[in-house]
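Q: what would the 3D arrangement of this be:
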Amino acid sequence: MLHLQDTYPDGRSMEGLGSENLADQLGAGFSPELLDIELGNWTKKSVRELAFAAGLEKQYRLVYDPASADIHGTWMSLANSNLTWCALPLHRYHRIPGIYEPPIFLETLVACQEIYEQCLGLGKGHLGFPLVEDALTPIPIAGASS
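A: Numbering: from 1, shown residues only. The predicted structure follows:
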C-alpha cells in the first residue's frame, strides 16, 4: 500500500485497487509501522562467520572465497578470466574480450556433489527439511578416497 502510494500515486494493484482502497480493506485501526531495515549486514556477521557457524568452512574456503572476485566482477577477475591479449604487435598487446567455453573437471563435479550432500544434511538436521527421494549417485574417481 505504501509503495503504491509513494511510487505510483495514480496506479492500481494487480487486483485494480488503489492505495486508498487497500487502506480501507485494512480497516480503520490500521496504522503502518515503519521500521529501518538493514539489508547489507542484517545478521551483524560476515559471510565467513556465517559459513563457519553452519559447518561450511570447507565450502567457504574452496568455493566462496576464491570465487568472490569473479562474482563481484573485479578488474583482476575480468583480466584473468575474460580478456585475452591482442595478437597484433602494433596494437601494443591490448586486452580484448575472449569468448571460450571453460573446461569442467571431474574433481569439480565431485566437489559440487559433496557440497550438495552437506547442504542437504544441514537442511535435514538443523532446519527440518524433508528427505530427498532421489539421492545422487557418487561419481567414481580412480585413486580417490571416498
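Q: what packs against the helix or strand of the chain with the lowest mean pLDDT?
A: Least confident helix or strand, the chain: helix 2-7 with a mean of 72, by mean pLDDT, DSSP states H and E. With contacts defined as 3 or more Cβ pairs under 8 Å, 6 or more residues apart in numbering; DSSP states H and E, the packing partners of helix 2-7 are helix 19-26. (Each C-beta comes from the backbone N, C-alpha and C, glycine too.)
Q: off-centre distance for the helix it packs on?
A: Helix 19-26 sits 36 Å away from the centroid of its parent chain (Cα atoms, centre = their mean, to the nearest Å).
Q: numbering from 39 from now on, please.
A: Done: numbering now begins at 39, and the last item shifts to helix 57-64.
Q: that helix: what's the following helix or strand?
A: Next helix or strand after helix 57-64 toward the C-terminus (DSSP states H and E): helix 85-91.
Q: for that next one, name the packing helices and strands.
A: Packed next to helix 85-91, using 3+ Cβ pairs under 8 Å, 6+ apart, is no helix or strand.
Q: any buried residues in that helix, and which?
A: For helix 85-91, burial by neighbour count (16 or more other Cβ atoms under 10 Å) applies to residue 89.
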